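S.K.: using only what follows, build the 3D model:
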Amino acid sequence: MFEDLASYKAVVGRFATGVVVVTASAEATPVGFTCQTFGSLSLEPRLVSFSAAVDSTTWPRIRARGVVGISVLADDQEELARRFAQRGIDRFAGVRWDPGPEGSPLLGGVIAHLEGTVASVQPLGDHEVAVVAVHYAWAGQGRPLVYLGGRYGGFTA
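M.R.: Numbering: from 1, shown residues only. So this is what the prediction gives:
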């Protein structure tokens, strides 16, 4: 049993995760946020999942669009991860991206892209878990950006 929120955060912070940026084109404007609660859910059908905070101002716009892009960040893209985690800024200002097959903004310089439709959303605690049916996948080269213990870093084997 944990005694307080700080103890719980210390425990879950011991698990390393990759870092992605979830995006969409909402009302013809690109929107997105940094997410480290992302993972492959199923191979058949092809499904991935991610979590978004219920107090996010970006997630409702992405959810309403129903089509999302997911860009897996490279180990040299910490600045990009921090940018898309900030509130109250134009996160796409000066950021290189191209539209995916279904129109989602897919970021440049990343190691992988996915695009698909939101198949389901489940509210759980202070987040919503989204399941995405993947229609497009691209894998490039490079090493992933990793988040561990409140810090970004690269992966070394």
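S.K.: which residues of this protein fall in strands?
M.R.: Here the chain has its strands, by DSSP state E, at 17-18, 20-26, 29-35, 38-42, 47-53, 67-72, 97-99, 105-107, 112-124, 127-139, 145-148, 151-154.
S.K.: closest to residue 81 out of these?
M.R.: The closest of those to residue 81 is strand 29-35. By C-beta to C-beta, the value is 5.0 Å. All C-beta spots, glycine's among them, are computed from the backbone N, C-alpha and C.
S.K.: please work out the average pLDDT along the closest one.
M.R.: Averaged across strand 29-35, the pLDDT comes to 97.
S.K.: buried sites along that strand?
M.R.: 30-35 (16 or more other C-beta atoms under 10 Å).
S.K.: just stretch 16-27 next, same as before
M.R.: Neighbour-count burial for stretch 16-27 [16+ other C-beta under 10 Å]: 17-26.
S.K.: I'd like those laid out as TSV, including pLDDT and distance to residue 5.
M.R.: Shown next, in TSV, are the buried residues of stretch 16-27 (pLDDT from 0 to 100; distance: C-beta to C-beta, whole Å):
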residue	pLDDT	distance to residue 5
17	89	19
18	92	24
19	97	23
20	98	25
21	98	27
22	98	25
23	98	30
24	98	31
25	96	36
26	88	32
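S.K.: what's the spacing between residue 156 and residue 144?
M.R.: Shown here: residue 156 relative to residue 144, a distance of 11 Å by C-beta to C-beta, to the nearest Å.
S.K.: residues that sit against both of those two, list them.
M.R.: Counting by C-beta atoms under 8 Å, 6 or more residues apart in numbering, residue 156 and residue 144 have no common neighbour.
S.K.: more neighbours: the two, which one.
M.R.: residue 144 (20 against 7; other C-beta atoms under 10 Å).
S.K.: excluding its backbone neighbours, what's nearest the more buried one?
M.R.: residue 18 (4.8 Å; C-beta to C-beta, 6 or more residues apart in numbering).
S.K.: circling back: which of the buried residues of stretch 16-27 sits closest to residue 56?
M.R.: So of those, ranked by how close each gets to residue 56 (C-beta to C-beta), first place is residue 22, at 10.1 Å.
S.K.: wait, isn't that closest one in contact with residue 62?
M.R.: Yes. With contact defined as C-beta atoms under 8 Å, residue 22 reaches residue 62; the gap is 6.4 Å.
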